[in-house]
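Q: prediction below, plus the sequence it came from.
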Amino acid sequence: MSDASRPGTGPGRLHANIAALAELNDDPAAGGITREVYTPTYGRAVELVSEWMREAGLHVGLDEVGNLYGSWAGSDRGASYVMTGSHIDTTLNAGAYDGVLGVLGAIEAVHALRARGFTPRRTLQVVAWAGEEPRFGTGCVGSRCVVGDLSRADLDRLVDRDGVTMAAALSEAGFDPDEVRDAVINPSGVHALVELHIEQAIVLETHGEPIGVVEAIAAPHDFRLVFEGAATHAGATPMSLRRDALVGAAEAVVAVERAARASSSGTTVGTVGVVRALPGAINVVPGVAALDVDVRDSDAAAREEVVARIVEESRAIAEARGLTLRVEEIVIDTPVTCSPDVVAASVAACEELQYNYRRMISGAYHDAMILGRKVPVGMIFVPSRGGVSHHPDEYTAPEELDRGVDVLAGTLERLCR
């Protein structure tokens, strides 16, 4: 449907709001958008989205860790409720759509449902989860708090690149980290959660399909490999006498790729996204080298086989080079199978709208994965041009965004009956 023919949708409102939110940016000179959670700029974004929620007739509030909720009360106050949303924080130098579509698209879906005269039986909550992007070394901190995965002690353990703890960032943003447990929800009260998102890959674009209905969400096992050798003078240390930690780490990078390619599932991916070498001087042999490794799959057993193979090969590399190896766990998440009921509601919405769709797996993780451990979840994807995401060139065409909102509205209508 065009903007003009979609009931309850102000012409161009979704696209204008996405553009307006993109203006809240801590590093515009870089070309993309930087809006990390708990910063003053993020706070202004929360205020703006809160205003848009109120305009949609939602009752707005924040929980103890900054998750933003907009509620539409259902006619049956005793019924379990339906949730939808995503996040409005970004990684560094990001694009305008990741996460944002899931929040602003959900608000737009509420407008559309109200325009149809729909009255929900179940209460509908639109949510902007705090901190989906990993400012503090792990992502989805807001949704992790909601399911009880983060304790008060964890808030002191989680630190950003500048050494600021999550607890300190919460306090600076006006929240009390000692109240983190008050953000936990009762999962038995949630009927379903559905998240609209850009695909962040090229499957839909490649196949010319406008909608993805997600059936499973892959989860990461993130860990750090720390190789330790000897930091010696680059000019005075013969090659035969070196214990170069970075060279050992370089071999391990190749081992990560090799192990992922050999996965029994055929769907495991392995990435070394961060490399640190110390002391970091051109004339010193690196004495310490650390690799941050991300291994993902929707098949948990295959993923763990790959992780074990990487660690085993890394230990052999360290031994052969006279290095020591330390393995530090960062996070181990559980893959999630989406709820058949949510999938069926999304499929029915696509078929009613006569939109082609693809059943698929999400290789990226989302807040829906965190909630999916405790409540029934599903996801709806729209294409990403070129598969680009977390980059200034991230783009999804307006008509593709609109189709996603159409399917989300139809899904929510079915779930809230």
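A: Okay, I see it. Numbering: from 1, shown residues only.

Q: just confirm Phe194 is within a strand.
A: Just so we're on the same page, residue 194 is Val rather than Phe. Yes. Per DSSP: H, G, I helix; E, B strand; the rest coil, Val194 lies within a strand segment.

Q: now it: closest residue in space that isn't a chain neighbour?
A: Gly378 (4.8 Å; Cβ to Cβ, 6 or more residues apart in numbering). For the C-beta atoms, the positions are set from N, CA and C on the backbone; glycine is no exception.

Q: for Asp89, same thing?
A: Distances taken as Cβ to Cβ, 6+ apart place Val37 nearest to Asp89, at 4.2 Å, with adjacent residues excluded.

Q: who touches whichever helix in the chain runs longest?
A: Counting residues, the longest helix found in the chain (DSSP state H) is helix 300-320. For helix 300-320, contacts defined as Cβ atoms under 8 Å, 6 or more residues apart in numbering pick out 219, 221, 223, 225, 227, 248, 251-252, 255-256, 258-260, 262-265, 267-268, 270, 293, 295-297, 323-325, 327, 334-335.

Q: parallel or antiparallel, list what pairs with whatever helix or strand comes next after that helix.
A: On the C-terminal side of helix 300-320, the closest following helix or strand by DSSP states H and E is strand 324-332. Using DSSP bridges, the strands paired with strand 324-332 are strand 219-228 (antiparallel).

Q: just to revisit the earlier point, out of the contacts of helix 300-320, which end up buried?
A: Neighbour-count burial (16 or more other Cβ atoms under 10 Å) is assigned, among these, to 219, 221, 223, 225, 227, 248, 251-252, 255-256, 259-260, 263, 267-268, 270, 293, 295-297, 323, 325, 335.

Q: give me the helices and strands touching whichever strand or helix holds Ala260, please.
A: Ala260 belongs to helix 245-261 when assigned by DSSP H and E. Helix 245-261 sits against strand 219-228, strand 269-278, strand 288-297, helix 300-320, with contacts defined as 3 or more Cβ pairs under 8 Å, 6 or more residues apart in numbering; DSSP states H and E.

Q: extract the CA atoms of that helix and return them as CSV.
A: These are the backbone C-alpha positions of helix 245-261, laid out as CSV (Å, rounded to 0.1, in the frame of the first residue of the first chain):
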residue,chain,number,x,y,z
ALA,A,245,52.2,-13.2,20.9
LEU,A,246,50.7,-11.5,17.9
VAL,A,247,52.0,-14.0,15.4
GLY,A,248,50.4,-16.8,17.5
ALA,A,249,47.2,-14.8,17.6
ALA,A,250,47.3,-14.4,13.8
GLU,A,251,47.4,-18.1,13.4
ALA,A,252,44.4,-18.4,15.7
VAL,A,253,42.5,-16.0,13.5
VAL,A,254,42.9,-18.4,10.6
ALA,A,255,41.9,-21.3,12.9
VAL,A,256,38.6,-19.5,13.7
GLU,A,257,37.8,-19.3,10.0
ARG,A,258,38.8,-22.9,9.4
ALA,A,259,36.8,-24.3,12.3
ALA,A,260,33.6,-22.4,11.3
ARG,A,261,33.9,-23.6,7.7
